[in-house]
Structure formats: structure tokens, C-alpha cells
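Enquirer: Structure of the sequence below:
(one chain, ligands or ions: 2)
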Amino acid sequence: MGKQVCIIGSGNWGSAIAKLAGLNAASNPLFEKNVNMWVYEELVEGRKLTEIINEDHENVKYLPGVKLPENVIAVPELTDAAKDADLFIFVIPHQFIARTVATMKGHVKEGAAAISLIKGINITDSGLGLISDEIRTALGIDVSVLMGANIANEVARDQFCESTVGGFGENAKTFKALFQRPTFRVSISEDPKTVELCGALKNIVACGAGFCDGLGLGDNTKAAIIRLGLMEMMDFCKVFLSEGEVKNQTFMESCGVADLITTCYGGRNRKVSEAFAKTGKSLDELEKEMLNGQKLQGPETARELQGVLTNKKISPERFPLFTSVFKCCYEGAPVPDFLKALENHPAHGN
Ligand SMILES: NC(=O)c1ccc[n+]([C@@H]2O[C@H](COP(=O)([O-])OP(=O)(O)OC[C@H]3O[C@@H](n4cnc5c(N)ncnc54)[C@H](O)[C@@H]3O)[C@@H](O)[C@H]2O)c1
Ligand SMILES: O=P(O)(O)OC[C@H](O)CO
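Expert: Numbers count the residues shown, from 1 in each chain. Ligands and ions are numbered 1, 2, ... in the order given. Next comes the predicted model:
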């Protein structure tokens, strides 16, 4: 018997990864052929999304124009989708993870393992909470992560890219086998917490890149935002993870600098932040208008990060870019002030 795979989520990235995992499960005896995909049910032009996926093999709302393998089975009930799974792929917007794992509790097979593709953080009583830890604690299973320069629409169309599994031993190797394709090359890093934080933090930098575009500024400014963002990501990881845990090499992997670049040029956080700077409309309004049900992670992560800094009594001024994105998104600071905040960045020295 192969390992039964269950995907928790069916949005833009959830559907793209379903294509890769579905194709590999169909051809690799390590896995059961059919892959369950939990779909948060909704009606699309009068039809249930699960029915559309199971009959037409396309997620017409979140990944239109891409056929899914027929062995990817959409399941509307979370506990039905989860009950026999050996391998879980968590790929929902981070805003929904708490409710989702609470529902799954008690419905997960012993010895199962998970991987989180979710780019986000949360605030816990002790400060920084990783999404992987939230899943691990709630379900009592091993959790790896997959992060990288992976814009879903491009991955789904088989455009060459790389990705990083953060994890250890057999589970990391199994997930690599589940995802790797000729055009989707996966490396394993034994620095999973840094890998995960890179995925979460780059979304804040992407908002800054969007502001840059919205203000009509050019590539030099964008490059400075990417570099200063990377410096803040590295500093944040070193402050919040034990010093010895953070490997500089991790920032050179797909989950680090490569994801930062792609997200600052092609991602949704960049796109909506550009419109925010140009129109002055609220982020909620723009998310609804521009993303057709897809969710932004960057502004929310910027807000959560401020809570984490407060909890640890760390000055927000240590992270001018992260803090300035927060102020523009939530405190009504004018977007041009975002760049003012970078003029005296600690990365420039004295
Ligand atoms: N889209 C990408 O290019 C991409 C690439 C890499 C990583 N990611 C990350 O993957 C994660 C998932 O992103 P995505 O693009 O698949 O999602 P998405 O932005 O397309 O989000 C929409 C999904 O959320 C679901 N949803 C809505 N309300 C819900 C609820 N109450 N409970 C559970 N689900 C609900 C919708 O049904 C839909 O499936 C995010 O953390 C994102 O940062 C995205
Ligand atoms: O579209 P974004 O901004 O959520 O970014 C997508 C991916 O995370 C890029 O790797």
C-alpha cells in the first residue's frame, strides 16, 4: 500500500501543487494513486466547486485554464478528506489555519506526517508562532515546510523553477519525491524554521515593492527595497530563532533571495500594494476587487510582526521596512513616507 496524500486547501497555490502531487502520485508506487483535496465549498455560477473539479478537472475559480489530474479528488468535508491520510499538505491562507486544525483534531491517523506550504506567522503568548508549530502542536505529527520562488500560475504551467523543503530525514525525502518534477526542482534544507520565516517575511517586503511601483519609482529603488528587506529578514530570523539555528546559506536558497525577487516583481502582495499606493482605496476593498477570492498575506503578517516585536520588547525601529509597511497599511501613514523611513536604515551603518 502506498501513502495516502491529502491536500488541505484548494486555492491558487493549493490547486497548482495538486497538479504536481497528483501527477507524481499516479506514477510513483510510494504513494496511493488518488489524492484527496479538501475544498472549502462554494458555488461558482450555480455549481458546487467540488463538483466542477471532480467533473471538469479544473479549479475554474482559483486556477483557471489549468487541467488537474483526474486522480485529484475534491472533498468538501474536511474530516472525510483527512481521515485515512498518511501525508498532509497544508496550503491555505494563514488566516484560516487555527480553525482548520481545530476541526481536524482527533481525525488524523497515527504516524501521519505533514508539510506546510503556508507563508505566514502568528502571535502566541510567548511571542512568535510558526504555522508549522501550530499544526504540530494541534495534531501531534511531524511537520516539514515547502517554500520557494513559486508563483502558482507559473508552476501550474510547468515553467522551470526551484523550491526548498525544510525538514529532516525520511519525511523530507518523501515530500521531495511527492513534489519534484522535471520543471520543479526541490532541495532539502535542514534549517526548516529559517526556511519558513523566509516565506512569511518576504510577503511584507513585497508590499514595499508594490509601494515603489505605485509611486512610479524605478529599478534602483526596487533593488534597495529587496536588499534592505533581505537584511531585515536575516536580522529577524537571528533575533527570534536560536542564533545557531539560522544558517546564512538558507537565504541563498529558493526560499530566500529567489522568492524575494519573484514576489517583488510578480506576486499578488506587490500588485495590490501598487494599487493601494495609486488609488488610496482600502486593502480589503482592493483584495476583493482584484483577487477574486484569493487572499493577501503580507499586510496581515506586517501587523502580526509588530505584535511579536512588542511582546519581546524589541524596538520597531530596528526593522524600519517591516514597520513602515505596517504603518502605511494600518495606521494611515502616507505611502511616500515608506521611503523616508528607509533613509536612515541601520543597514547603512553610521
Ligand atoms: N498563490 C501563490 O502563488 C502562492 C505560492 C506559494 C505560496 N503561497 C502560499 O500558500 C498559501 C495558500 O495560498 P493559495 O494561493 O493557495 O490561496 P488563495 O489566496 O487562493 O486563497 C483562497 C483559498 O482560501 C479558501 N478559503 C476561503 N475561506 C476559507 C476558510 N474560512 N477556511 C479555509 N479556507 C478558506 C478559498 O476557498 C480558497 O481555496 C498562502 O500562505 C500563500 O502565501 C501562495
Ligand atoms: O502572490 P504572493 O504575493 O502571495 O506570492 C506568491 C508566492 O509566495 C511567490 O513565491
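Enquirer: and the residue of the stretch 251-350 of the chain found nearest ligand 2, how many neighbours does it have?
Expert: As assessed by Cβ to the nearest ligand atom, ligand 2 sits closest to Gly267 within the stretch 251-350 of the chain, at 2.6 Å. Bear in mind the C-beta positions are built from the backbone N, C-alpha and C, glycine included. Neighbour count of Gly267, defined by other Cβ atoms under 10 Å: 23.
Enquirer: In contact with the spatially closest residue to Leu130 that is not a sequence neighbour, which residues?
Expert: Nearest residue to Leu130, sequence neighbours excluded (Cβ to Cβ, 6 or more residues apart in numbering): Glu196, at 5.6 Å. If a contact means Cβ atoms under 8 Å, 6 or more residues apart in numbering, then Glu196 has Ser116, Leu130, Ile131, Ser132, Val145, Met147, Gly166 as its contacts.
Enquirer: make it 6 Å
Expert: Glu196 makes contact with Leu130, Ser132, Val145, according to Cβ atoms under 6 Å, 6 or more residues apart in numbering.
Enquirer: Please parse this protein into its domains.
Expert: Following the TED database, the chain resolves into domains at 3-190, 194-348.
Enquirer: So for the shortest one, mean pLDDT?
Expert: Summarised as a single mean, pLDDT over domain 194-348 is 97.
Enquirer: First-to-last residue distance for it?
Expert: Using Cα to Cα, to the nearest Å, the end-to-end distance of domain 194-348 comes to 24 Å.
Enquirer: With the longest one instead?
Expert: Distance across domain 3-190, first residue to last, is 23 Å (Cα to Cα).
Enquirer: what do you get for stretch 231-248?
Expert: First residue to last in stretch 231-248 (Cα to Cα) measures 11 Å.
Enquirer: tell me which residues of it are tucked away?
Expert: Using 16 or more other Cβ atoms under 10 Å as the test for burial, stretch 231-248 gives Met231, Glu232, Met233, Met234, Phe236, Cys237, Val239, Phe240, Leu241, Val246.
Enquirer: Return the nearest residue of the stretch 1-150 of the chain with respect to ligand 1.
Expert: Gly11 (2.4 Å).
Enquirer: Who are the contact partners of that residue?
Expert: Applying Cβ under 6 Å, 6+ apart, the residues near Gly11 are Tyr62.
Enquirer: How about the one 3 residues further on?
Expert: With contacts defined as Cβ under 6 Å, 6+ apart, Gly14 is in contact with Val91.
Enquirer: How about the residues of this protein by ligand 1?
Expert: 9-14, 40, 62, 91-94, 96, 100, 117-120, 150-152, 293-295, 297 (Cβ under 6 Å from any ligand atom).
Enquirer: Since that was my last question, I'll sign off now.
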